[in-house]
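Colleague: coordinates only, no sequence provided:
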């Protein structure tokens, strides 16, 4: 496995743990933010393996799916699209109080659970098997 892919995977695990800590502490916006980053890094690990090159510096999960030729079922693909859109508002909120209201504990928990599922599935991607 490429060293950068391995580093992306280790960092993704760290970021997912950070999302869990944010959820436990009630910082729900950052749960969504960290879930996006964790999945982004897993997709970059796949892309690094598939392309045999350093992946581009992008936050676009849909682009990274295509770059890594990752085929998800429709449920996971819908989640990735939703998370991709949520990333913009969590990074650059126009109305912070509205953002806090949009991501209460239960919604953040759903993002966290689905992110765990996607990351577990990505870890099984054929290009990441050693």
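Modeller: Arrived safely. Remember, predicted model here, so these are calculated numbers, not experimental data.

Colleague: look up how far residue 70 lies from residue 18.
Modeller: 23 Å (Cβ to Cβ, to the nearest Å). Every C-beta, even on glycine, is put in place using the N, C-alpha and C of the backbone.

Colleague: what pLDDT does the residue lying farthest from the centre of the chain get?
Modeller: Largest separation from the mean C-alpha position in the chain: residue 97, at 23.8 Å (Cα atoms, centre = their mean). If you check residue 97, the pLDDT there is 86.

Colleague: so who does the residue nearest to residue 125 when sequence neighbours are not counted touch?
Modeller: Counting by Cβ to Cβ, 6 or more residues apart in numbering, residue 125 lies nearest to residue 46, which is 5.3 Å off, once chain neighbours are set aside. Residue 46 is in contact with 5, 64, 68, 70, 122, 125, 127-128, counting by Cβ atoms under 8 Å, 6 or more residues apart in numbering.

Colleague: give me the element residue 46 is part of.
Modeller: Secondary structure from DSSP states H and E places residue 46 in helix 28-51.

Colleague: list the buried residues for that helix?
Modeller: The neighbour-count check on helix 28-51 (16 or more other Cβ atoms under 10 Å) flags 28-50 as buried.

Colleague: who's in contact with the residue nearest the centre of the chain?
Modeller: Closest residue to the average C-alpha location of the chain: residue 39 at 2.1 Å, with Cα atoms, centre = their mean. Applying Cβ under 8 Å, 6+ apart to residue 39 gives the contacts 12, 61, 80, 83, 115, 118-119, 122.
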